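Colleague: Here you go, sequence then predicted model.
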Amino acid sequence: MISTIISKARKEGRKALTEFESKEILRAYGIPTTYGEIATSPDEAVKIAEKIKYPVALKIISPQILHKSDAGGVKLNLKSPEEVKSAFKEIIKNAKAYNPKAEIIGVFVQEMASPTIREIIVGGTREPQFGPVVMLGLGGIFVEVLRDVSFRLAPIEEIDAYEMIEELKGKKIFGPFRGMPKVDIKNIVDVLLAVSKLITEQKEISELDINPIMVYPNEVKAVDARIILV
């Protein structure tokens, strides 16, 4: 499945995988993601939304539009068929205005992840000198303001993953926090190990960015993902 996705991108002359393709690869490595399907019309978007159950999020799927929010290609927390239809039309309109030459595959209709202030970023890169590297960071204001991140050369083992979490300045957010129960750190460890395996095994991938991953007491869920090929 992964080789098929990569081959398709190569044939189409692109290095950036779509969010849909990126999440397919993440799921193949056991990383939980928000579920969704691609719609090519407003009516199809509604059918998918009703299958998933409201609220849903809509995102543009285009190889030429990597920064979806900048293009006005993201609509969140849609709660009715009317909102979904309107959002679909607006997203397509915005995408065409942002880049008239962009190939628009469709609109990704996906479940809305439950809100939480606990967010992380997990990434992988292939450095020319050092080879594959895994990154963990706290999301939200933590990554924007504090640059609270940790790195390891891949492949990593379980002890390395725990050490990466310990190195974060804001690690206390994973404990009991503002009336919320502590999180099961093992779920974050599992994501780090999966990303390490992915970036090590899939040598055609040069960059992997999962941002954000929502962290709940007993599970984690990747909301957005981006993969770049070598």
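Modeller: On my side now, so go ahead. The structure displayed is predicted, hence computed values, not measured ones.
Colleague: Neighbours of residue 175, how many?
Modeller: Residue 175 has 11 neighbouring residues, counting by other C-beta atoms under 10 Å. For every residue, glycine as well, the C-beta is placed using N, CA and C.
Colleague: helix, strand or coil for the closest residue to it other than its chain neighbours?
Modeller: Closest residue in space to residue 175, ignoring its immediate chain neighbours: residue 182 at 4.7 Å, by C-beta to C-beta, 6 or more residues apart in numbering. Secondary structure assignment for residue 182 (DSSP: H, G, I helix; E, B strand; the rest coil): coil.
Colleague: what's near enough to touch residue 182?
Modeller: Going by C-beta atoms under 8 Å, 6 or more residues apart in numbering, residue 182 touches 174, 175, 176, 217.
Colleague: Now a ChimeraX select for only the buried ones of the residues you listed.
Modeller: For the buried members of these, the matching ChimeraX selection, counting by 16 or more other C-beta atoms under 10 Å, is:
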select :174
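Colleague: what's the farthest-apart pair in the contacts of residue 182?
Modeller: With C-beta to C-beta as the measure, no two of the contacts of residue 182 lie farther apart than 175 and 217, at 11.0 Å.
Colleague: State the pLDDT value of the residue nearest to residue 175.
Modeller: According to the prediction, residue 182 has pLDDT 96.
Colleague: can you offset everything so residue one is 343?
Modeller: With the count now opening at 343, the last piece we talked about shows up as residue 524.
Colleague: Torsion angles phi and psi at it?
Modeller: The phi/psi pair for residue 524 (degrees, to the nearest 10) reads phi -60, psi 160.
Colleague: Out of the contacts of residue 524, which is nearest to residue 387?
Modeller: For the contacts of residue 524, the nearest to residue 387 is residue 559 (31.9 Å; C-beta to C-beta).
Colleague: Which residues are in contact with that closest one?
Modeller: Residue 559 sits next to 522, 523, 524, 525, 526 when contact means C-beta under 8 Å, 6+ apart.
Colleague: Show me what stretch 420-440 is in contact with.
Modeller: Contacts for stretch 420-440 (C-beta under 8 Å, 6+ apart): 381, 383-385, 387-388, 391-392, 396-402, 404, 407, 412-417, 444, 446, 449, 451.
Colleague: Tabulate the contacts of residue 524 in JSON lines, adding columns for pLDDT, secondary structure and distance to residue 495.
Modeller: Shown next, in JSON lines, are those (pLDDT from 0 to 100; DSSP: H, G, I helix; E, B strand; the rest coil; distance: C-beta to C-beta, whole Å):
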{"residue": "516", "pLDDT": "96", "secondary structure": "helix", "distance to residue 495": "24"}
{"residue": "517", "pLDDT": "95", "secondary structure": "coil", "distance to residue 495": "28"}
{"residue": "518", "pLDDT": "94", "secondary structure": "coil", "distance to residue 495": "33"}
{"residue": "559", "pLDDT": "97", "secondary structure": "coil", "distance to residue 495": "31"}
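Colleague: Mind putting the contacts of residue 524 into TSV with distance to residue 427?
Modeller: Listed next are the contacts of residue 524 as TSV, based on distance: C-beta to C-beta, whole Å:
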residue	distance to residue 427
516	40
517	43
518	43
559	35
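Colleague: so how far does stretch 438-447 reach from one end to the other?
Modeller: 12 Å (C-alpha to C-alpha, to the nearest Å).
Colleague: pretty sure residue 529 contacts residue 556?
Modeller: No - taking contacts as C-beta atoms under 8 Å, residue 529 lies outside contact range of residue 556: 10.9 Å.
Colleague: following the lowest-mean-pLDDT helix or strand in the chain, which helix or strand shows up next?
Modeller: In the chain, the helix or strand scored least confidently by mean pLDDT, DSSP states H and E is helix 483, which has a mean of 59. Counting by DSSP states H and E, the element after helix 483 in chain order, helix or strand, is strand 491-495.
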